[in-house]
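Undergrad: Dropping the sequence and predicted coords here.
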Amino acid sequence: MIEDPRKGARRGWAVPWERLSQYLPAVTMTVLLLTVWQAATMIWDIQKWLLPSPVQIGRAAVEARQLLGPHIWQTAKETLLGFAVALGAGTLLALAIDFSPTLRRAIYPLLVVSQTIPTIAIAPLLVIWLGYGIWPKIIVVGLVCFFPIVVSLADGLRSADPDLIALLQSMGATRRDVFFKVRWPGAMPAFFSGVKIAITYSVIGAIMGEWVGASRGLGIFMLRATNSFRTDWVFVAIGIIALMSIVLFLLVAALERALLPWYYTAEREERWEEL
Amino acid sequence: MPFVISGRADALAETRLGGGQVDKQRDDSGVIGVGDKVVLRDVRKSFRVDGRVTVALDGIDMVARDREFVTLIGPSGCGKSTLFNIICGLMEPEAGQVWLNSRVDGRRIGTVGYMPQKDLLLPWRSVLDNVILGPELAGVDRRKASREARELLPLFGLAGFEDSYPVTLSGGMKQRAALLRTVSCHRDIMLLDEPFGALDALTRSTLQDWLLGIWQRFRQTVLFITHDVEEAVYLSDRVYVMSARPAQMIKELTVPLARPRCRDMVATESFLSCKVELLAALGT
Ligand SMILES: Nc1ncnc2c1ncn2[C@@H]1O[C@H](COP(=O)(O)OP(=O)(O)OP(=O)(O)O)[C@@H](O)[C@H]1O
Ligand SMILES: [Mg+2]
């Protein structure tokens, strides 16, 4: 049945309970896992330094909350700056690849090779070259994040329907028109997929950058906690890292929804639900 | 030499051309009538894919005159869409000439309104923004183009849907939006490639009457592709039948029905005899 399509744009946000209920399975699953974990540590009486229980981790978080602030802030800064660098460089590289087939052949293999080098191997070199400041971390985050951005945008730009391009050309469109009116907007869903992958890796990138040498940040906090057998603090850090990744991911997803309303029409989603 | 006219000019010249534009010289390659909006001379085109050559068009001759509704009919894959791609300037023929508005030189691209076989609406644009694509590319002021398009929306059965995205439209609505987009380019020649091909019979006959209404109002020269013999006879002034690949024009038929057309004509003898003739030419 064809409903009034004008509803499409507004619908998704109209009923809060419906939206909240979508998260119910995730919440239930998490609570269930935590319960099993808690029960297991209690039943087998597992040592705190070996595997702390969720309750112990919670207590440790409260205990460490004064300490954590500057570390979180530092890691967040590195993550966001590194991600911004990746976004800028990734977009430029994708445009270069898209602009000329020669550049595509020249750049693409190098991109792939760049991903085969373990970040852990590069990070110490970056410290040797750039010192213990924030730059090595930004670059590690950038290296981890830029690849999905380049590939998704370059492929998205190439995936434009040739018939659509022909239609615009038949109307007298220039190459510029075709880019801005067909290829760029058409590449956006793919681009956002890449950005979502990148943002998920970004926090881990910052942590790896810090492991090699830093005075502040969640990575160094974790390292110190491990060395002093404060396993509960290690888990606190892991929890915060996970939370940061989720928040960043949700921010990107929300941005995508706001910018691509045509891709997230209520009709399209209902159809997916039905399938 | 841009303009060539024929002896038929006297009959047609009154309404068409101011005398100043007419070049009285003739040219050995042939004669083009003043009212001839589209003329194809011995147009040939083949495709080479993986070393295999497919001859699509093997010497196509045809004419579409001013304000005429001309239909091309032919078996699937014979080269109808290819012919349209050539006429609108997306492809060049290997041999032969294409005359648009009595001109054979220069760029054809942008001269005709082309509605491709797929509706090809931009999914990220609202119906209204899709419709004004042509004027937008031509550098027309957006507000002016939108105002004009809004006025035409009701005529195309799209009133109230200007802000909807194409995914939310039905098949028939998409076709009408694509047609409005073509009309909004304001070209006096329109190429419509199977606009109703994917629709059910009922929607199809409604849209046929509706298309005739639109055409009565705007009076462009229309070139129309279909697989449906009845549709061809019902809509057209003239019908060309193309052979299977390599395609040639194997028949030209003038439809003797009066305008405006109405559904009752479908049962008349002249309608049926046209149908029979076309079916015979198509070899079915
Ligand atoms: N760009 C192309 N490259 C190679 N071959 C092509 C190309 N375009 C068309 N052809 C070939 O030319 C022939 C005619 O194609 P065309 O699309 O013009 O047929 P058609 O008459 O429009 O068919 P239909 O009625 O099914 O739409 C086909 O055999 C097709 O494979
Ligand atoms: Mg076709």
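TA: Good, I have the coordinates. It should be emphasised that the depicted structure is a prediction, and the values quoted were computed from it without experimental measurement. Ligands and ions are numbered 1, 2, ... in the order given.
Undergrad: For the stretch 151-284 of chain B, give me the ranges with low pLDDT.
TA: Within the stretch 151-284 of chain B, the stretches with pLDDT under 70 are B:284.
Undergrad: Mind jotting down where the helices sit in it?
TA: Here the stretch 151-284 of chain B has its helices, by DSSP state H, counting those that start in this stretch, at B:171-183, B:201-218, B:229-235, B:269-282.
Undergrad: So B:Leu72 sits against B:Tyr240, correct?
TA: Yes: using C-beta atoms under 8 Å, B:Leu72 is in contact with B:Tyr240, at 5.1 Å. For every residue, glycine as well, the C-beta is placed using N, CA and C.
Undergrad: Those two - which one has more neighbours?
TA: B:Leu72 (28 against 25; other C-beta atoms under 10 Å in any protein chain shown).
Undergrad: What is the neighbour count of the residue in chain A that ligand 2 sits nearest to?
TA: Per C-beta to the ion, A:Asp163 is where chain A lies closest to ligand 2, at 11.2 Å. A:Asp163 is flanked by 12 other residues according to other C-beta under 10 Å.
Undergrad: I'd guess it is in a helix, am I close?
TA: Yes: A:Asp163 forms part of a helix when assessed by DSSP: H, G, I helix; E, B strand; the rest coil.
Undergrad: show me the contacts for it.
TA: The neighbourhood of A:Asp163, defined by C-beta atoms under 8 Å, 6 or more residues apart in numbering or on different chains, consists of B:116, B:118, B:120.
Undergrad: Equivalent analysis for B:Arg181, please.
TA: With C-beta under 8 Å, 6+ apart, B:Arg181 has these contacts: B:115, B:121, B:130-131, B:133-134.
Undergrad: Neighbour count and distance to ligand 2 for the residues you listed - can I get that in a markdown table?
TA: Listed next are the contacts of B:Arg181 as a markdown table, based on neighbours: other C-beta atoms under 10 Å in any protein chain shown; distance: C-beta to the ion, whole Å:
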| residue | neighbour count | distance to ligand 2 |
| --- | --- | --- |
| B:Met115 | 26 | 12 |
| B:Leu121 | 25 | 18 |
| B:Asn130 | 25 | 22 |
| B:Val131 | 30 | 23 |
| B:Leu133 | 23 | 22 |
| B:Gly134 | 26 | 22 |
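Undergrad: Go through these and flag which are in helices.
TA: Residues of these located in helices (DSSP state H): B:130-131, B:133-134.
Undergrad: So which of these reach chain A?
TA: B:133-134 (C-beta under 8 Å from any C-beta of the partner chain).
Undergrad: Around residue 161, how many other residues sit close by?
TA: Going with chain A. Other residues close to A:Asp161 by other C-beta under 10 Å number 15.
Undergrad: meant chain B, my bad for not saying
TA: 22.
Undergrad: give the contact list for the closest residue to it other than its chain neighbours.
TA: Leaving out its chain neighbours, the residue that sits closest to B:Phe161 by C-beta to C-beta, 6 or more residues apart in numbering or on different chains is B:Val127, at 5.2 Å. Taking C-beta under 8 Å, 6+ apart, we find B:Val127 in contact with B:121, B:153, B:158, B:161-166, B:169, B:177.
Undergrad: and if you look at A:Ala187?
TA: A:153, A:156-157, A:159-160.
Undergrad: From ligand 1, how far out is it?
TA: Distance from A:Ala187 to ligand 1, counting by C-beta to the nearest ligand atom, to the nearest Å: 23 Å.
Undergrad: can you check A:Phe83 too?
TA: Relative to ligand 1, and taking C-beta to the nearest ligand atom, A:Phe83 is found at 42 Å.
Undergrad: now A:Glu269
TA: Separation of A:Glu269 from ligand 1 (C-beta to the nearest ligand atom): 33 Å.
Undergrad: sorry, back to before: of the contacts of A:Ala187, grab the buried ones for PyMOL.
TA: Applying 16 or more other C-beta atoms under 10 Å in any protein chain shown to the contacts of A:Ala187 leaves a buried subset, and the PyMOL line that selects it is:
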select buried, chain A and resi 153+156+157+160
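Undergrad: Which member of the contacts of A:Ala187 is positioned nearest ligand 1?
TA: Using C-beta to the nearest ligand atom, A:Ala160 is the member of the contacts of A:Ala187 that sits closest to ligand 1, with 16.3 Å.
Undergrad: Identify the residues contacting that closest one.
TA: Counted by C-beta under 8 Å, 6+ apart, A:Ala160 has contacts A:182-183, A:186-187.
Undergrad: Tell me the secondary structure of it, please.
TA: coil.
Undergrad: List phi and psi for it.
TA: phi -60, psi 140 (degrees, to the nearest 10).
Undergrad: What segments of chain A are helices?
TA: A:7-11, A:16-43, A:54-99, A:101-116, A:119-130, A:135-158, A:162-170, A:175-178, A:184-212, A:218-227, A:231-259, A:266-274.
Undergrad: Flag the shaky bits of the stretch 101-250 of chain A, pLDDT-wise.
TA: Using pLDDT under 70, nothing in the stretch 101-250 of chain A is flagged.
Undergrad: Find the closest residue to ligand 1 in it.
TA: For the stretch 101-250 of chain A, C-beta to the nearest ligand atom, closest residue to ligand 1: A:Pro162, 9.0 Å.
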